[in-house]
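[1] Provided below are the primary sequence and the corresponding predicted coordinates.
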Amino acid sequence: MIDPRATERRNPRTASIDLATPIEIVDVINAEDRVVPDAVASQRAQIADAITVAESSFRAGGRLFYVGAGTSGRLGVLDASECPPTFGTDPEMVQGIIAGGLPALTRSQEGAEDIVENGAKAMDEHSVNVHDFVIGIAASGTTPYVHSAIRRARELGAKTGIISCSPPPSELLEQVDVAILPIVGPEVVTGSTRMKAGTATKLVLNMITTGAMIRLGKTYGNLMVDLKATNNKLTDRSERIVVEVCGVSREEARKLLEASGRSVKTAIVMQKLGVSRSEAEKALKQAGGVIRRAIPDAPPPVIE
């Protein structure tokens, strides 16, 4: 019997991969991976819709939740965990929920995705509400835990979405506001959705959070101006951004950052407008957090 899920079908192009040399294995996998960007591009409008919903949720004080099991869940947690250091967000703003909890991040929790009631329970535990956006991630489109979470999130009034690399059941599609379906075809190793499906999912998640954060003013041009300087690398990057944007020395950049409360964005507005920290923060608030609306200057040109 042929499984209707695209992610569970056998790939005729890799049927003899067990006889391949190392370089042949690399070439076969690389050839399969090349279909991923096109599959993601086919969902450009849907991904843009997800960015719009996420931005609206954030501006209303809501949160973005990723919900998944196995590889899908781990990718959601990964994307969520990268938002605070990259964009200076509160860890509550973007959250990843994985079936089986924290232990499932490093070791497979067999059967966790099949405990249907736990998906709904997770939504209640996180007090999901009308301002939130809950995106289920299910490579096969059939994960019970994810389906349950989406149904409960919708009951609680949240906006909902699904990311799947196989067409989900129609009853699930009826429960979501946004369906992102990058169909990448059968995997190199049958059912191993950590491969093409995982890569496609990571690309989509990158676009959703990065796009929403850009819309919120977390960048100035393509500069990361809301980062948290939690290590030496990020401290150095903060100082370099202020030096480049404001045309000041490294020492002056350090002083500006100290005066701004270690906020790159606030430091830039302070220097450009010649105002205090509180005045810069007020200007940014009135501009919806977007530097370009608070000051007249464009970012410095890119030097090749």
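    Good, I have the coordinates.
[2] What segments of the protein are strands?
    Counting by DSSP state E, the chain has strands at residues 64-68, 94-98, 133-137, 159-163, 178-180, 219-220, 223-224.
[3] Which of those sits closest to R254?
    strand 223-224 (17.6 Å; C-beta to C-beta). All C-beta atoms are positioned from the backbone trio N, CA, C, and that covers glycine.
[4] Each with direction, which strands does that closest one pair with?
    strand 219-220 (antiparallel) (DSSP bridges).
[5] Now the partner strand: average pLDDT?
    Over the span of strand 219-220, the pLDDT mean works out to 92.
[6] I figured A200 was touching S42, is that so?
    No - between A200 and S42 there is no contact under C-beta atoms under 8 Å: 10.4 Å.
[7] List the residues that are in contact with both of the two.
    Here A200 and S42 have P182 as joint contacts, going by C-beta atoms under 8 Å, 6 or more residues apart in numbering.
[8] The two: which is more packed in?
    The neighbour comparison of A200 against S42 (other C-beta atoms under 10 Å) goes to A200, with 27 against 13.
[9] What's the end-to-end length of stretch 25-39?
    Start-to-end span of stretch 25-39 (C-alpha to C-alpha, to the nearest Å) is 22 Å.
[10] Would you mind listing the buried residues in it?
    Of all the residues in stretch 25-39, those buried under the rule 16 or more other C-beta atoms under 10 Å are V28, I29, E32, V36, A39.
[11] which pair in those residues spans the largest distance?
    V28 and A39 (17.8 Å).
[12] Show me the helices in the stretch 51-200 of the chain, by range?
    Here the stretch 51-200 of the chain has its helices, by DSSP state H, counting those that start in this stretch, at 70-87, 116-125, 144-155, 170-173, 196-215.
[13] Test my guess that D177 contacts G161.
    Yes - between D177 and G161 a contact is recorded at 6.2 Å, counting by C-beta under 8 Å.
[14] Between those two, which contacts overlap?
    Jointly contacting D177 and G161 under the rule C-beta under 8 Å, 6+ apart are V53.
[15] which of those two has more neighbours?
    Taking other C-beta under 10 Å, D177 and G161 do not tie; G161 has more neighbours (26 against 16).
[16] what bridges to the more buried one?
    Beta-bridge partners, per DSSP bridges, of G161: I135, V178.
[17] ok, it to V146 distance?
    Using C-beta to C-beta, to the nearest Å, one gets 11 Å for the distance from G161 to V146.
[18] So for those two, which residues contact both of them?
    With C-beta under 8 Å, 6+ apart as the test, G161 and V146 both reach G136.
[19] Count the neighbours of Q286 for me.
    Neighbour tally, Q286, other C-beta under 10 Å: 10.
[20] hang on, I meant D18
    For D18, using other C-beta under 10 Å, the count is 8.
[21] A20 now?
    Using other C-beta under 10 Å, A20 has 14 other residues around it.
[22] For S166, list the residues it contacts.
    By C-beta under 8 Å, 6+ apart, S166 lies in contact with R5, A6, T7, E8, A139, S140, G141, T142, L181, I183.
[23] Spell out which residues sit in contact with V290, please.
    Per C-beta under 8 Å, 6+ apart, neighbours of V290: L216, G217, L284.
[24] Check the gap between F65 and D90 for me.
    In terms of C-beta to C-beta, F65 sits 14 Å off from D90.
[25] Comparing the two, which residue is more hemmed in?
    Remark: of F65 and D90, F65 carries more neighbours, 25 against 9, as counted by other C-beta under 10 Å.
[26] Look up how far V184 lies from S276.
    Relative to V184, and taking C-beta to C-beta, S276 is found at 52 Å.
[27] related to what we said a few turns ago, of the strands of the chain, which stretch is the most buried?
    strand 133-137 (a mean of 30; mean count of other C-beta atoms under 10 Å).
[28] Give me the residues contacting that one.
    50, 53-54, 57, 62-68, 72-73, 75-76, 123, 128, 143, 146-147, 149-150, 153, 158-164, 176, 178, 201, 205, 208.
[29] For the buried residues of stretch 25-39, please prepare JSON lines with the additional fields distance to R13.
    Below are those laid out as JSON lines (distance: C-beta to C-beta, whole Å):
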{"residue": "V28", "distance to R13": "7"}
{"residue": "I29", "distance to R13": "11"}
{"residue": "E32", "distance to R13": "7"}
{"residue": "V36", "distance to R13": "15"}
{"residue": "A39", "distance to R13": "16"}
